[in-house]
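1. quick check, what structure comes out for this input:
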Amino acid sequence: MPLPLGHTTIGLATYELSAGDSPFRNWRRFLYITILANLPDIDVIIGLVIKWNGNAFHRGPTHSLAFSILIGLLAGTAARGCLKIPGISIRHCFLLIFSHVIADALLTSSRVSFFWPFEVNWSAGYAGWTDVMHTILFEGFKDGWIILGCATVIIFHRLISGYLNNTRVLSNMRKGPGPTV
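-> This is a model prediction of the structure:
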């Protein structure tokens, strides 16, 4: 089950692959990516505040395609307009939020409400404040394989991109200068 650190790492890899740019070059962009990649789990906080149970609303509407589209649109507009965060488009905001939904769907046994409002799948059980904080603070090591996998993907992406860019430069050098006018 991806925890906040795992979702952040998946979001960073998603941004790097979709934008072709490093998410680490701008701290505001990095922070925004982190927030968006973890945003669907806002339902845990809502459940804790309203019912003292982090699972009360978990995996419901915030873990859906509709939420990803709507909040991606709002977050992308905010990033461009008032927050002025470079490199974050509506498409990237959608992908970052949706990466969370897909990761939960693929890497956990619990179902997500992918097609909400036509289907709703809630998490079962009880998770109080202590349970949630313990999981976040002391169980992050469980995301180690996710972090390693995402780091490997980012490294290979950078190596391949660098190789392709160098190949293009060499190819253009061999062709010689373009026609003169």
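
2. just say helix, strand or coil for residue 2.
-> Under DSSP: H, G, I helix; E, B strand; the rest coil, the three-state class of residue 2 is coil.

3. how close does residue 41 get to residue 158?
-> Distance, residue 41 to residue 158, using C-beta to C-beta, to the nearest Å: 29 Å. (C-beta placed from N, C-alpha, C; glycine too.)

4. what about the nearest residue to residue 13 once chain neighbours are set aside, neighbour count?
-> For residue 13, ignoring the flanking residues on the chain, the nearest one in space by C-beta to C-beta, 6 or more residues apart in numbering is residue 150 at 4.0 Å. Look at residue 150: counted by other C-beta atoms under 10 Å, it has 21 neighbours.

5. repeat for residue 5
-> Residue 5 has 19 neighbours, counted by other C-beta under 10 Å.

6. contact partners for it?
-> Listed by C-beta atoms under 8 Å, 6 or more residues apart in numbering, the contact set of residue 5 reads 140, 143, 147.

7. so which residues of this structure form helices?
-> Ranges of helices in the chain, per DSSP state H, are 4-19, 27-38, 42-51, 65-80, 90-107, 129-138, 144-175.

8. how about the CA coordinates for the first one, as CSV?
-> Put plainly, it is helix 4-19. Only the C-alpha atoms of helix 4-19 are listed here, as CSV (Å, rounded to 0.1, in the frame of the first residue of the first chain):
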residue,chain,number,x,y,z
PRO,A,4,2.6,9.5,1.5
LEU,A,5,6.3,9.0,0.7
GLY,A,6,5.4,6.4,-2.0
HIS,A,7,2.7,8.5,-3.5
THR,A,8,5.1,11.5,-3.6
THR,A,9,7.8,9.4,-5.4
ILE,A,10,5.2,8.1,-7.9
GLY,A,11,4.1,11.7,-8.5
LEU,A,12,7.7,12.9,-9.0
ALA,A,13,8.3,10.1,-11.5
THR,A,14,5.0,10.8,-13.3
TYR,A,15,5.9,14.5,-13.6
GLU,A,16,9.4,13.7,-14.9
LEU,A,17,8.1,11.3,-17.5
SER,A,18,5.2,13.4,-18.6
ALA,A,19,6.9,16.9,-18.6
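
9. having no further points to raise, I will conclude here.
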